[in-house]
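[1] Provided below are the primary sequence and the corresponding predicted coordinates.
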Amino acid sequence: MTVPTGVRAPRREDLVGHQRPLPTEDVVEVAGLRFTSLSRTFCDLAEILDLTALVAVGDRMLWRWAPKLDVSDLERAVKAMAGRRGAKRATRALELLDDGAESPKETELRLLLLAAGFGPFASNVELSDAEGVFVARVDLALPLLRIAIEYEGDHHREPAQWRKDIARRRRIEALGWIYLPVTQADLDDPRRLIADLASAMVVRR
């Protein structure tokens, strides 16, 4: 919770209070409650989140199917925080934002692979067959190489979802794409994933 400078910040077990300069343009009202604006919230979070988490927040704010703010507003807010704690992290996060990401895990996967030297990636690319019929939308893609990379959470282990996934993967591969599924274990230790993606790129080239 953020309160204006000069107002005692609240403290309790489930609440962390912050005392900050709070100009009126950084405050919005929703359902009778006052909140920091999204651009201001992003900048404040830059002080406490790591880079990956901060990018995930920004990705969601800019999500192309339901954007919550314009990227230019975010750019102005980040520029205005120069010299503040977290300013460098916010600036770096701004460079990595992707309005196509649909989940924090997709963001984490993309940043991990970018850090390993791969990319740039296209996010949530729609694939169609020769007749133009929609087949699937894949999390990350290297379209020119026809490589699809998909994060699969635990819900993919449910029997009905597993059967759908098998048919979906078969159709993607039938289009001539290499399909690389990714789980949390790969994010925890990405060495095998990185090697497999590098091998897939060699095959394509």
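    All right, it came through fine. Numbers count the residues shown, from 1 in each chain.

[2] Tell me the bridge partners for residue 30.
    Per DSSP bridges, the residues bridged to residue 30 are residue 33.

[3] Quick check: pLDDT value at it.
    If you check residue 30, the pLDDT there is 93.

[4] how close does it sit to residue 103?
    24 Å (Cβ to Cβ, to the nearest Å). The C-beta positions use only the backbone N, C-alpha and C, and glycine is treated the same way.

[5] Check residue 138 too.
    Distance of residue 138 to residue 103, given as Cβ to Cβ: 13 Å.

[6] neighbour count winner among the two?
    Counted by other Cβ atoms under 10 Å, residue 138 and residue 103 do not tie: residue 138 has more neighbours, with 22 against 14.

[7] Quick check: nearest residue in space to that one, chain neighbours excluded?
    Among residues not flanking residue 138 along the chain, residue 148 sits closest, at 4.0 Å (Cβ to Cβ, 6 or more residues apart in numbering).

[8] what's the answer for residue 78, then?
    Going by Cβ to Cβ, 6+ apart, residue 78 has residue 90 as its nearest residue, at 4.7 Å.

[9] and the chain, what are its domains?
    Domain assignment of the chain by automatic domain parsing yields the ranges 2-96, 104-204.

[10] in the lengthiest helix in the chain, what's buried?
    The longest helix of the chain (DSSP state H) is helix 159-174. Judged by neighbour count (16 or more other Cβ atoms under 10 Å), helix 159-174 contains these buried residues: 165, 168, 169, 172.

[11] of the residues you listed, closest to residue 108?
    Residue 108 lies nearest to residue 165 out of the buried residues of helix 159-174, by Cβ to Cβ, at 20.3 Å.

[12] Do you know the pLDDT at that closest one?
    At residue 165, pLDDT is 90.

[13] Ok, the one 5 residues further on next?
    At residue 170 the predicted local distance difference test score is 96.

[14] Just to check, residue 73 is in contact with residue 40?
    No - in this structure residue 73 lies outside contact range of residue 40 using Cβ atoms under 8 Å: 9.9 Å.

[15] Need the distance between the two termini of stretch 22-31.
    Across stretch 22-31, the terminal residues are separated by 20 Å (Cα to Cα, to the nearest Å).

[16] Give me the distance from that stretch to the chain's centre.
    Distance, stretch centre to chain centre, for stretch 22-31: 26 Å (Cα atoms, centre = their mean, to the nearest Å).

[17] and residue 35, backbone torsions?
    Here is the backbone geometry of residue 35 (degrees, to the nearest 10): phi -130, psi 150.

[18] Look up how far residue 47 lies from it.
    17 Å.

[19] Now do the contacts for the residue sitting furthest away from the middle of the chain.
    When distances to the mean C-alpha position of the chain are computed (Cα atoms, centre = their mean), the maximum falls on residue 6, with 35.7 Å. Neighbouring residues of residue 6 by Cβ atoms under 8 Å, 6 or more residues apart in numbering: residue 19.

[20] Given the longest strand seen in the chain, what are its sheet partners and their directions?
    Counting residues, the longest strand in the chain under DSSP state E turns out to be strand 134-142. The pairing partners recorded for strand 134-142 under DSSP bridges are strand 122-128 (antiparallel), strand 147-151 (antiparallel).

[21] Right, I'll call it a day here.
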